[in-house]
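[1] below are the sequence and a predicted model; questions follow.
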Number of protein chains: 2
Amino acid sequence: MPVTNSRRRPTIHDVARASGVSRGTVSRALNGDPYVSTAAAAAVKRAVAETGYVVNRNARSLVTQRTGTVVMVLSEPQEKLFEDPNFSVLLRVATRRLAQRDVALVMMVAGDDGDRERVVRYLRGGHADGVLLLSAHAGDPLLEELESLALPAVACGAVLGREGLPYAAADDREGARQMTRYLVDLGRRKIGTITGPLDTPGGLNRLEGYCDVLGRKATKKLIAHGDYTRHGGEAAMHELLDRVPGLDAVFVGSDLMAAGALAALRERGLRVPDDVAVGGFDDSAVAGSTHPRLTTVRQPLEQVATETVRMLLELIDGAEQVDSVVLPTELVPRESA
Amino acid sequence: MPVTNSRRRPTIHDVARASGVSRGTVSRALNGDPYVSTAAAAAVKRAVAETGYVVNRNARSLVTQRTGTVVMVLSEPQEKLFEDPNFSVLLRVATRRLAQRDVALVMMVAGDDGDRERVVRYLRGGHADGVLLLSAHAGDPLLEELESLALPAVACGAVLGREGLPYAAADDREGARQMTRYLVDLGRRKIGTITGPLDTPGGLNRLEGYCDVLGRKATKKLIAHGDYTRHGGEAAMHELLDRVPGLDAVFVGSDLMAAGALAALRERGLRVPDDVAVGGFDDSAVAGSTHPRLTTVRQPLEQVATETVRMLLELIDGAEQVDSVVLPTELVPRESA
DNA sequence: TTGCGCACTGTGAACGTTCACAGAAACTCG
DNA sequence: CGAGTTTCTGTGAACGTTCACAGTGCGCAA
């Protein structure tokens, strides 16, 4: 039973005294050094239980220069990102995977300059062993700063214009191809698309996948741009309907935008999928709660997060470099197409 | 310009040398001690900029026994919680508020026993100055352990059966009353409800608010139980429709469940709000993307998070105790009722 | 001039670890 | 049986801070 009468937290010295061995031996026993006799190991184990000892990470970090902490940096204006249903999944999986290795996850937001300065200061202070980068935009000044820090860093999703940074991501382009092909196979003739921001890999690659399949048929008229919000999707859908009479299908770059597109179609009295088939992307929670439910492309986000963490831990453990990973997507047919 | 040729991070000694004063004076200058000459302060400032010095928090924590870190503990099985749209808001606001005070936020999940052990070990190791508790259930064993740690702790939302723990929360009960009254005023006669889990304050208090308004009319038949998931809401709605012929309104304890309820009603060919009016709770993102859009009760989640953080920081700064805060809700009428 | 308080500064010790080193046993082998 | 190796142990130093203490120099009043 842990001793509670003493206000002071037990230190390694207390354990040493209680177990009758020295500080050094306790440290070795605790860190799995093979050169510890079974007797000593047992004594230490007992003493740890008895004293309720827990290692002080600060003291350890001070000498080892390792912190057992990684920072997850959200480099977008935070409002946007937190709304993103994908984010929750990434956070959940990353937290768990890191916990398995007893690594703590610190959340930081780098929305404006002040935030960024804080992040850099934190990292420069040596308080983290690595960085998990979320949704960095091309040209984000944080990237340069990170580079100069020479800290292990891995991104979730490719970072445009900074391909040297290792990442794990879903195969956006092939996913977009799957969906576009599916719409073509359905017999749709005029297939439009609503893209995400083109300075994000999701925005760009999904558009490219769409163009891959449609070739010359993918005219400018058929392409509208959104911003990953519901509202943006709604506006883009209206735009497309105004511009393209007889439009009979649309591939929308995210489920959230697709939900907006559905609202626009409903407003115009168009039936889904009879008049216009709608395909989304993400297979997020909204996809199941729209009416009709969305046919969409599932991103293996759990895997993306798992891989990202694995890569980062490898780098932290001393790997010279790791290869980026691109994971396959899957078409999920429901009622909207 | 920060010196980059040296691989080693600059320490306080480097700053001392560069500024021509001693270690102690640098420390004082950095920590705002009044007994520092203006000349010395200026020299230190210059030297800090010149060397790119950043304080090492580990070394500092080691002697001050303060960490500049708080832990956000998710004590539910994580899958459930991360799905909760409210969670993102709390996380976003908490991260930002803490960042303003230069406090780092560590995420931890306490889903199973192993997780919990990890959390306790972390806290016991003295790596955090305080704990932000999310959605702890009554009887969660983590609570006892937290108590024995004597660490500042504040909860988001009341914790049933542990009212001593300070918290900030929305006024669930009054919010439920607002919605129920609204449905009554609409002229609805048979108003059912779908509750959340009754071991959560949201589940319990919203049911009580409903009962407050309906009085003896709130019979057992009119009450169905869900689990805060879409699917649970759908099942409960079916149950209610089977049980109560002529049901003309339902107050659902969360938007997500309400989305499920809408699906059930649609499946039965019932029109919303004509045949059955539906009221939700939360005013989360789904409320805007269902069809029809949900009439719901807005929780001031940003404020809840802000208050929670404020309370925690006050405790950390030495306040003996802080008072819990209950914040008003607001009815948001849309199309579903 | 002496003494005293005030503003400021430098120094040693401490925080709780790990690491490198040196030394002590115990075991192996010729 | 002695030398060499292997296994195990204890000790001093270091990590980068802050804090308490002991100065130092200066101005000012007695």
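    Thanks, I have it. Only a predicted model underlies this, so the values are computations on that prediction, with no experimental measurement involved.
[2] just the buried residues of stretch A:272-291, please?
    Using 16 or more other CB atoms under 10 Å in any protein chain shown as the test for burial, stretch A:272-291 gives A:272-273, A:276-291. Where you see a C-beta, it was placed from the backbone N, CA and C, and this is true even at glycine.
[3] do the same with stretch A:243-256
    Neighbour-count burial for stretch A:243-256 flags A:244, A:247-256 (criterion: 16+ other CB under 10 Å).
[4] for the residue of the stretch 151-300 of chain A found nearest DNA strand C, give me its contacts.
    Going by CB to the nearest atom of the strand, DNA strand C is nearest to A:Pro152 of the stretch 151-300 of chain A, at 18.2 Å. With contact taken as CB atoms under 8 Å, 6 or more residues apart in numbering or on different chains, A:Pro152 is in contact with A:129-131, A:312, A:315-316.
[5] could you do A:Asp323 as well?
    A:Pro166 are the contacts of A:Asp323 under CB under 8 Å, 6+ apart.
[6] how about it, secondary structure?
    Three-state assignment for A:Asp323 (DSSP: H, G, I helix; E, B strand; the rest coil): coil.
[7] okay, now A:Gln321: neighbour count?
    9 (other CB atoms under 10 Å in any protein chain shown).
[8] show me where the stretch 101-250 of chain A has strands.
    For the stretch 101-250 of chain A, applying DSSP state E, counting those that start in this stretch gives strands covering A:104-109, A:130-134, A:153-156, A:167-170, A:191-195, A:223-225, A:249-252.
[9] so the nearest residue to A:Glu234 once chain neighbours are set aside is in which element?
    Sequence neighbours aside, A:Gly260 is the residue nearest to A:Glu234 in space, at 3.5 Å (criterion: CB to CB, 6 or more residues apart in numbering or on different chains). Here A:Gly260, judged by DSSP states H and E, is contained in helix A:255-267.
[10] can you name every helix or strand that that helix contacts?
    strand A:191-195, helix A:230-243, strand A:249-252, strand A:277-279, helix A:285-289, helix B:285-289 (3 or more CB pairs under 8 Å, 6 or more residues apart in numbering or on different chains; DSSP states H and E).
[11] backbone dihedrals for the residue of the stretch 151-300 of chain A closest to DNA strand C, please?
    Per-residue torsions, A:Pro152: phi -60, psi 130 (degrees, to the nearest 10).
[12] that one and chain B: what is the separation?
    16 Å (CB to the nearest CB, to the nearest Å).
[13] what of A:Leu133?
    For A:Leu133, the distance to chain B - CB to the nearest CB - is 16 Å.
[14] I'd say that residue and A:Arg162 touch.
    No - assessed by CB atoms under 8 Å, A:Leu133 is found out of contact with A:Arg162, at 9.7 Å.
[15] per-residue confidence at the residue nearest to A:Glu234?
    pLDDT for A:Gly260: 93.
[16] tally of neighbours for the nearest residue to A:Leu62 once chain neighbours are set aside?
    In this structure, A:Leu62 finds its nearest non-sequential neighbour in B:Asn58, 4.8 Å apart by CB to CB, 6+ apart. Neighbourhood size, B:Asn58 [other CB under 10 Å]: 22.
[17] B:Asn58 should be in a strand, yeah?
    No - under three-state DSSP, B:Asn58 falls outside any strand and is assigned helix.
[18] that one and A:Leu312, how far apart?
    Computed with CB to CB, to the nearest Å, the distance linking B:Asn58 and A:Leu312 is 21 Å.
[19] A:Arg188: what's it in contact with?
    Per CB under 8 Å, 6+ apart, neighbours of A:Arg188: A:248-249, A:277.
[20] phi, psi of it?
    A:Arg188 has phi and psi values of phi -70, psi 140 when expressed as degrees, to the nearest 10.
[21] the closest residue to A:Pro197 other than its chain neighbours: neighbour count?
    Using CB to CB, 6+ apart and skipping the chain neighbours, the partner closest in space to A:Pro197 is A:Gly203 (4.7 Å). Look at A:Gly203: counted by other CB under 10 Å, it has 21 neighbours.
[22] need the pLDDT of A:Gly203.
    Note on A:Gly203: pLDDT of 91.
[23] what do you get for A:Arg57?
    Looking at A:Arg57, its pLDDT is 92.
[24] my read: it touches B:Arg124, true?
    No - A:Arg57 is not in contact with B:Arg124 according to CB under 8 Å; the separation is 11.4 Å.
[25] who's more crowded, the two?
    The residue with more neighbours, out of A:Arg57 and B:Arg124, is A:Arg57; 21 against 17, by other CB under 10 Å.
[26] show me the contacts for that one.
    A:67-68, B:58, B:125, B:127.
[27] just want the angle from the helix holding A:Gly260 to strand A:191-195.
    130 degrees (axes from the mean of the first three to the mean of the last three CA atoms, to 10 degrees).
[28] buried ones in helix A:255-267, by neighbour count?
    Residues of helix A:255-267 classed as buried by neighbour count (16+ other CB under 10 Å): A:255-265.
[29] give me the below-cutoff pLDDT ranges for chain A.
    Scanning chain A for pLDDT under 70 picks out A:1-7, A:76-85, A:138.
[30] can you give me the helices for it?
    A:12-19, A:23-30, A:38-51, A:57-64, A:78-83, A:85-100, A:113-124, A:141-149, A:172-185, A:201-214, A:230-243, A:255-267, A:285-289, A:301-316 (DSSP state H).
[31] other residues contacting the second one?
    Put plainly, it is helix A:23-30. Contacts to helix A:23-30, defined as CB under 8 Å, 6+ apart, come from residues A:12-13, A:15-16, A:19, A:33, A:35-36, A:40-41, A:44-45, A:47-48, A:55.
[32] what is the nearest of the residues you listed to DNA strand C?
    Out of these, the member with the shortest distance to DNA strand C (by CB to the nearest atom of the strand) is A:Ile12, at 3.0 Å.
[33] quick one on the thing from earlier: dump the buried residues of helix A:255-267 to JSON lines, plus distance to A:Ala94.
    Below are the buried residues of helix A:255-267 laid out as JSON lines (distance: CB to CB, whole Å):
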{"residue": "A:Asp255", "distance to A:Ala94": "21"}
{"residue": "A:Leu256", "distance to A:Ala94": "22"}
{"residue": "A:Met257", "distance to A:Ala94": "25"}
{"residue": "A:Ala258", "distance to A:Ala94": "26"}
{"residue": "A:Ala259", "distance to A:Ala94": "26"}
{"residue": "A:Gly260", "distance to A:Ala94": "29"}
{"residue": "A:Ala261", "distance to A:Ala94": "31"}
{"residue": "A:Leu262", "distance to A:Ala94": "31"}
{"residue": "A:Ala263", "distance to A:Ala94": "33"}
{"residue": "A:Ala264", "distance to A:Ala94": "35"}
{"residue": "A:Leu265", "distance to A:Ala94": "36"}
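[34] closest to DNA strand D among these?
    A:Leu256 (44.7 Å).
[35] excluding its backbone neighbours, what's nearest that closest one?
    In space, A:Leu256 is closest to A:Arg230, 5.2 Å off (CB to CB, 6+ apart).
[36] who's in contact with the one you found?
    By CB under 8 Å, 6+ apart, A:Arg230 lies in contact with A:256-257, A:259-260, A:263, B:285, B:288-289.
[37] how about A:Ala43?
    Each residue near A:Ala43 by CB under 8 Å, 6+ apart is listed here: A:19-21.
[38] now do the end-to-end distance for stretch A:136-156.
    9 Å (CA to CA, to the nearest Å).
[39] how far does that stretch sit from the chain's center?
    On the basis of CA atoms, centre = their mean, to the nearest Å, stretch A:136-156 sits 15 Å off its chain's mean C-alpha point.
[40] next one: stretch A:167-174
    12 Å.
[41] what's in contact with that stretch?
    By CB under 8 Å, 6+ apart, stretch A:167-174 touches A:154-159, A:201-202, A:205-206, A:208-209, A:212, A:299-301, A:303-305, A:307-308, A:311, A:324-329.
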